[in-house]
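1. fold the following and give me the result.
(4 chains)
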Protein chains: 2
Amino acid sequence: MKTTRKHLIEATKELLWERGYEAMSPRAVLERSGAGQGSLYHHFSGKAELVSTALDEIGEDMHANNRVYLHSDKPALQRIRDFLTMPRDALRGCRLGKMTQEPMSAQDGLREPMAAYFTELKQDLIGVLEEARQEGTLREDLNLPELAATIIAIVQGGYVLARASQDPEQMQQAIRGILALIDSAERK
Amino acid sequence: MKTTRKHLIEATKELLWERGYEAMSPRAVLERSGAGQGSLYHHFSGKAELVSTALDEIGEDMHANNRVYLHSDKPALQRIRDFLTMPRDALRGCRLGKMTQEPMSAQDGLREPMAAYFTELKQDLIGVLEEARQEGTLREDLNLPELAATIIAIVQGGYVLARASQDPEQMQQAIRGILALIDSAERK
DNA sequence: GTCTATAGCAGGATAGAC
DNA sequence: GTCTATCCTGCTATAGAC
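-> The predicted structure is shown next:
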C-alpha cells in the first residue's frame, strides 16, 4: 500500500507532539499506524529519517495555518493581533518549539525543519510589520526584526508558562501583555 | 560518605541541563558521580525522586541568581532591564523551562518545582513593577501580572529561538524588542 | 512492500555481600 | 552506606519469509 508510508508519518507526527523525540519509540509508531517492523525500515533508514520527514510536514502544516492569520484582508497590525490571539492548545505545547529543547535538535536533518519554520515565520511577520509601517499605523522607530522575534518568543514562552503551571491562562496573560505594549506602539 | 548523596544530585543537575529528563539515565548519573548502583537506590526511591530533588535545587539556584538583578539598589525599571539582559547561555536553554515541554512535566513531584520557580519569579517581577509604578516611571494603565508574564515568556521564548537557529543572537533580538516596547511604556 | 521473528543493547530497578 | 552482579523490560535495528 502506498498509504503505509503516510500512516507511518501521521503516527509519528502525533507521537512527536505527545511525547517529543526522546520519548517517542519506533515501536509506538508501528503500533499506532498498524504497520509492521519491516515497513518502517523499508521506507526510512531509521528513527531519525522518519522524524525528519515528519518534522518537515509539521513545519508546512504550521506555516500554512499561520498564513491564514497573517495574510487575511485585515489591516496589518490587526493581522499581528490575530496571529497572537489565534486558538492554541497551550497545554500541549508548540509542535516544533518544544523539540528545540531536546538534545536531538543539534542533529543534522532534525534541526533544519525547526530552523526553517522559525525563519519563515519571522520573515512573514517582518513583512506584515512593514505593511503596518507603510499604512502609517506603527511607530517608525521600532526595529522590525527585533519586534518579529519578540512576537514569536512571546508565543513560545507562553507555552512554557502554561505547561509549567498546567494553566492555559498563563499563556493568555503573556499574550495580553504584549498586545498592550503593541497598542502603545500604534499610531492612531 | 555523606557527600555521595550530594555528588549524585550534582551529576543529576548537570545531566538534566545537558539532556533533559527523558534522555538522562540513572546509569549516566552513576558514571558521572562515581557512585555505585546501590548508592542511588539507597538515597532515592528511583529516578523520579532523584530528579525531583535536583529540580528543587535548580529552582533555588536560579531564584537566588534572579534576585541579584531584581533586588539591587537601582531604580525599579532598570532592574527589569537588568533582569532581561543578564548573561544567559542561550544555546543551552533554560534549566527548568526546557523540561516543561517534556511529558514528565505532568508527573507529580516533578512539575511542582518548575511551577514554583515560575510562580515566584512572576511575583518578584510584579513586586518590582509595582515599585516602578510607585516611583512614577511606569505608565499607570498597564496590567502588572500580564506584563510580568510577558517578560518571563520573552526569556523562555528567546531560548527557543536561539536553539532552533543555533544562534544566540536570536534571543538577543527578542529581548531588545521587548526592551524597546518597555521604553515606550516608561514615563520620563 | 509488508510481514513476523529476533538480535543486541541500554534503561531502570533489585539482591545481597561487605 | 556503598559496592558488584544481575534481572526484566523496552528500544532500535536487522533477517528473511511471503
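
2. excluding chain neighbours, what is closest to residue A:26?
-> Of all residues not flanking residue A:26 in the chain, residue A:47 sits nearest, at 5.3 Å (Cβ to Cβ, 6 or more residues apart in numbering or on different chains). For every residue, glycine as well, the C-beta is placed using N, CA and C.

3. burial measure for that neighbour, as a count.
-> 17 (other Cβ atoms under 10 Å in any protein chain shown).

4. which residues of chain A lie near DNA strand C?
-> Within chain A, the residues that sit near DNA strand C (Cβ under 7 Å from any atom of the strand) are A:1-5, A:34-39, A:41-43.

5. if we can go back for a sec, would you confirm that the residue nearest to residue A:26 contacts residue A:27?
-> No. Between residue A:47 and residue A:27 there is no contact under Cβ atoms under 8 Å: 10.3 Å.

6. what's the helix or strand for residue A:132?
-> Assessed by DSSP states H and E, residue A:132 sits inside helix A:111-135.

7. for that helix, list every residue counted as buried.
-> Across helix A:111-135, burial judged by 16 or more other Cβ atoms under 10 Å in any protein chain shown covers A:111, A:113-118, A:120-122, A:124-126, A:128-129, A:131-133.

8. likewise for stretch A:94-104?
-> A:94, A:95, A:96, A:97, A:98, A:99, A:100, A:101, A:102, A:104.

9. same deal with stretch A:157-171?
-> Buried residues in stretch A:157-171 (16+ other Cβ under 10 Å): A:157, A:158, A:159, A:160, A:161, A:162, A:163, A:164, A:165, A:168, A:170, A:171.

10. what about these, which are in helices?
-> A:157, A:158, A:159, A:160, A:161, A:162, A:163, A:164, A:165, A:168, A:170, A:171 (DSSP state H).

11. burial measure for the residue of chain A found nearest DNA strand C, as a count.
-> Closest residue of chain A to DNA strand C, Cβ to the nearest atom of the strand: residue A:38 (1.2 Å). Using other Cβ under 10 Å, residue A:38 has 9 neighbouring residues.

12. and it, what's its pLDDT?
-> For residue A:38, the pLDDT comes out at 92.

13. now do the strands in chain A.
-> Under the criterion DSSP state E, chain A contains no strands.

14. where does chain A dip in pLDDT?
-> Applying pLDDT under 70 to chain A flags the ranges A:1.

15. go with 80
-> A:1-2, A:188 (pLDDT under 80).

16. out of the buried residues of stretch A:94-104, who's nearest residue B:60?
-> residue A:101 (21.3 Å; Cβ to Cβ).

17. got the contact list for the closest residue to the closest one other than its chain neighbours?
-> For residue A:101, ignoring the flanking residues on the chain, the nearest one in space by Cβ to Cβ, 6+ apart is residue B:98 at 3.7 Å. Taking Cβ atoms under 8 Å, 6 or more residues apart in numbering or on different chains, we find residue B:98 in contact with A:101, B:20, B:159.

18. how far away is residue B:98 from residue B:169?
-> 19 Å (Cβ to Cβ, to the nearest Å).

19. residues from chain A in reach of DNA strand D?
-> So chain A meets DNA strand D at A:24, A:25, A:26, A:27, A:28, A:37, A:38, A:40, A:41, A:46, A:47, A:48 (Cβ under 7 Å from any atom of the strand).

20. one more time with 6 Å, if that's ok
-> Near DNA strand D, the residues belonging to chain A are A:25, A:26, A:27, A:37, A:38, A:41, A:46, A:47 when assessed by Cβ under 6 Å from any atom of the strand.

21. and these, which two are furthest apart?
-> A:25 and A:38 (16.6 Å).

22. wait, which of the buried residues of stretch A:94-104 is closest to residue B:53?
-> Closest to residue B:53, out of all of the buried residues of stretch A:94-104 and judged by Cβ to Cβ, is residue A:101, at 21.5 Å.

23. residue contacts, residue A:132?
-> A:75, A:76, A:77, A:80, A:138.

24. just the ones of those in helices?
-> Reading helices off these with DSSP H, I get A:76, A:77, A:80.

25. buried ones among the residues of chain A next to DNA strand D?
-> A:26, A:47.

26. between the residues of chain A next to DNA strand D, which is closest to chain B?
-> residue A:25 (11.0 Å; Cβ to the nearest Cβ).

27. state the phi and psi torsions of that closest one.
-> phi -100, psi 150 (degrees, to the nearest 10).

28. which of the buried residues of stretch A:157-171 sits closest to residue B:143?
-> residue A:170 (13.6 Å).

29. is it true that that closest one touches residue A:158?
-> Yes. Assessed by Cβ under 8 Å, residue A:170 is found in contact with residue A:158 at 7.3 Å.

30. common neighbours of these two, please.
-> Both residue A:170 and residue A:158 are contacted by A:90, B:149, under the criterion Cβ under 8 Å, 6+ apart.

31. and residue A:154, how many neighbours?
-> 27.

32. ok, now which ones touch it?
-> Residue A:154 neighbours (Cβ under 8 Å, 6+ apart): A:84, A:174, A:175, A:177, A:178, B:150, B:153, B:154, B:157.

33. in helices, which of those appear?
-> A:84, A:174, A:175, A:177, A:178, B:150, B:153, B:154, B:157.
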